[in-house]
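Undergrad: How does the following fold in three dimensions:
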Amino acid sequence: MYSINIFKLIGGLGIILISIGILIRKKKKEDIFFIIGGICLELYLIYINDLIFIILQAIFILTALYDLTRKNKISTRQDLDTMRSLNDRPTPNSPTLE
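TA: Below you'll find the predicted structure:
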């Protein structure tokens, strides 16, 4: 009888999630798929005890995390700048100094 190895399933899921991340056009979702898929693949690599790929996968995950947090900071900064510029605009009924 064939037994299913849970770590092989997790590794396969990781490859699928990373592949989906490549196909997605929205960068934030792409990074999330990369991170989750990378963690799944990392678990499999730890199971098979492949040191070089464990290190490479950890770098991949950290890079995706950095990219995600950097995009969130940029997005938040742009939102604040947009709000400030909207607050600085005169409204149609506001008095003007002339």
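
Undergrad: Quick check: which ranges of this protein have low pLDDT?
TA: 1, 73-98 (pLDDT under 70).

Undergrad: residue ranges of the strands in it, please?
TA: Counting by DSSP state E, the chain has no strands to list.

Undergrad: center of it - which residue?
TA: The centroid of the chain falls nearest to D31 when counting by C-alpha atoms, centre = their mean (2.2 Å).

Undergrad: and it, what is it in contact with?
TA: G21, A64, L65, D67, L68, K71 (C-beta atoms under 8 Å, 6 or more residues apart in numbering). Yep, even glycine has a C-beta here, placed from its N, CA and C like the rest.

Undergrad: So which of those sit within helices?
TA: G21, A64, L65, D67, L68, K71 (DSSP state H).

Undergrad: Now the buried members of these.
TA: Buried by 16 or more other C-beta atoms under 10 Å: G21, A64, D67, L68, out of the ones in helices among the contacts of D31.

Undergrad: measure the nearest residue to the last one once chain neighbours are set aside to I6 for me?
TA: What sits nearest to L68 in space, not counting adjacent residues and going by C-beta to C-beta, 6 or more residues apart in numbering, is D31, at 4.0 Å. D31 sits 26 Å away from I6 when distances are taken as C-beta to C-beta, to the nearest Å.
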